[in-house]
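# give me a model of this one.
(one chain, ligands or ions: 1)
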Amino acid sequence: MKNVGVIGAGTMGQGIANAFATAGYNVTVCDIKIEWAQNGINKIGAKLDKLVSREKITAEKAEGIKANLTAGEYKDLADCDLIVEAVLEKMEIKKDLFKTLDEICKEDCIFGTNTSSLSVTEIANGIKHNVIGMHFFNPADRMKLVEVISGENTPVETKEAIIEYSKSLGKTPVEVAEGPGFVVNRILIPMINEACFIYQEGLASVEDIDTAMKLGANHPMGPLALGDLIGLDIVLDVMEVLYTETGDPKYRPCTLLKKMVRAGKLGQKTKQGFYSYN
Ligand SMILES: NC(=O)c1ccc[n+]([C@@H]2O[C@H](COP(=O)([O-])OP(=O)(O)OC[C@H]3O[C@@H](n4cnc5c(N)ncnc54)[C@H](O)[C@@H]3O)[C@@H](O)[C@H]2O)c1
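Numbering: from 1, shown residues only. The predicted model follows:
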């Protein structure tokens, strides 16, 4: 079975590592410290144990998945066929990481980035390995979509390989050419921003905006509750990327959104956003 390295053992890295390990890949998880990588693996283990106790999977299956996961350091990634990075959404951090791995990984190893908004072409600039966007959705072990984003210099064979990897995880890949926000975030995040404007203009209450979109558009969740779930800081970050990359005023972030982020009202993770979570 192929060897996969997952870098960053946070929210997305855990889900991505879980998805690959469940599909039978040998997965090495890295983070800034090996203890943090191990901590991420322990959290995946706890999630699997919960599924066993709810009789969703067998204990044998859970142990098999756990056995496919190892915490490692970058030097342990030399034999990897694929790297998927899920470190912080900062261009310099992603570029530095791939520069380091460029010297370690075998020549035909593909470098996948889980970036939500950054330019794949820019991340790949100066890197010898082939780089591609492999954008999972949260929770990555359960959500079915993978956006496969080719940068300007991504070879067709690399794109085809990532489509096959995605299918092997039981996911549905969608091909996207590089553009800010790709498909999902280009549609979803401005919708949340628009809901912020509607609330800011006093046109409807938070609850009524969410009810309107749930019952009127059949969305499982209202846009403001969804913003709270994603994190309003992330929503703002993506709006700023859309705005600065395109220069199009239709992507200007709502002032209320900026104010809430400055006030530390980021949604569920700070227990206060459009709703209170105490
Ligand atoms: N959270 C989401 O819903 C979501 C969805 C799709 C894509 N993404 C993208 O996935 C990436 C990770 O997001 P997240 O929500 O998992 O973040 P997170 O903060 O939960 O996890 C990031 C992890 O990366 C580690 N890290 C930071 N710098 C590192 C470095 N130089 N080397 C190794 N590890 C490093 C951190 O210690 C942390 O464990 C981002 O690019 C984000 O835009 C996030």
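# quick one: low-confidence ranges for this structure?
For the chain, no stretch has pLDDT under 70.
# show me how it divides into domains.
Following the assignment in the TED database, the chain carries domains at 3-177, 185-270.
# now do the strands in this structure.
Using DSSP state E, the strands of the chain run over 3-7, 26-30, 69-71, 82-85, 110-113, 131-135, 145-150, 172-177.
# looking at these, which is closest to the ligand?
Ranking those by proximity to the ligand (CB to the nearest ligand atom) places strand 3-7 first, at 5.1 Å. All C-beta spots, glycine's among them, are computed from the backbone N, C-alpha and C.
# count the neighbours of Val131 for me.
Neighbours of Val131 under the rule other CB atoms under 10 Å: 26.
# what does this protein have sitting close to the ligand?
Within the chain, the residues that sit near the ligand (CB under 6 Å from any ligand atom) are 7-13, 31-32, 36, 86-89, 93, 97, 114-116, 136-138.
# give the buried subset of these as a ChimeraX selection command.
Buried residues among the residues of the chain next to the ligand (16 or more other CB atoms under 10 Å), as a ChimeraX selection:
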select :7,8,9,12,13,31,36,86,87,89,97,114,115,116,136,137
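# looking at the strands of the chain, spot the one closest to Leu224.
Of all those, strand 145-150 sits nearest to Leu224, with 22.7 Å by CB to CB.
# just want the angle from the closest one to strand 131-135.
Between the axes of strand 145-150 and strand 131-135, defined by axes from the mean of the first three to the mean of the last three CA atoms, to 10 degrees, the angle is 160 degrees.
# so what touches strand 145-150?
120, 132-137, 158-159, 162-163, 166, 169, 171-178, 182-184 (CB atoms under 8 Å, 6 or more residues apart in numbering).
# next, the buried residues of that strand.
Buried-residue list, strand 145-150, by 16+ other CB under 10 Å: 146-150.
# again, but for stretch 268-276
Neighbour-count burial for stretch 268-276 [16+ other CB under 10 Å]: 268, 270, 272-275.
# for that stretch, how far is the first residue from the last?
Criterion CA to CA, to the nearest Å; first-to-last residue distance in stretch 268-276 is 8 Å.
# contacting residues around that stretch?
So stretch 268-276 is contacted by 199, 206, 224-225, 227-229, 231-232, 260, 264-267, 277-278 (CB under 8 Å, 6+ apart).
# which of these sits closest to the ligand?
Using CB to the nearest ligand atom, the contacts of stretch 268-276 come closest to the ligand at Gly231, 7.2 Å.
# restricted to buried residues, select the contacts of stretch 268-276 in PyMOL.
The PyMOL selection below is limited to those of those classed as buried (16+ other CB under 10 Å):
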select buried, resi 199+206+224+225+227+228+231+232+260+265+266+267
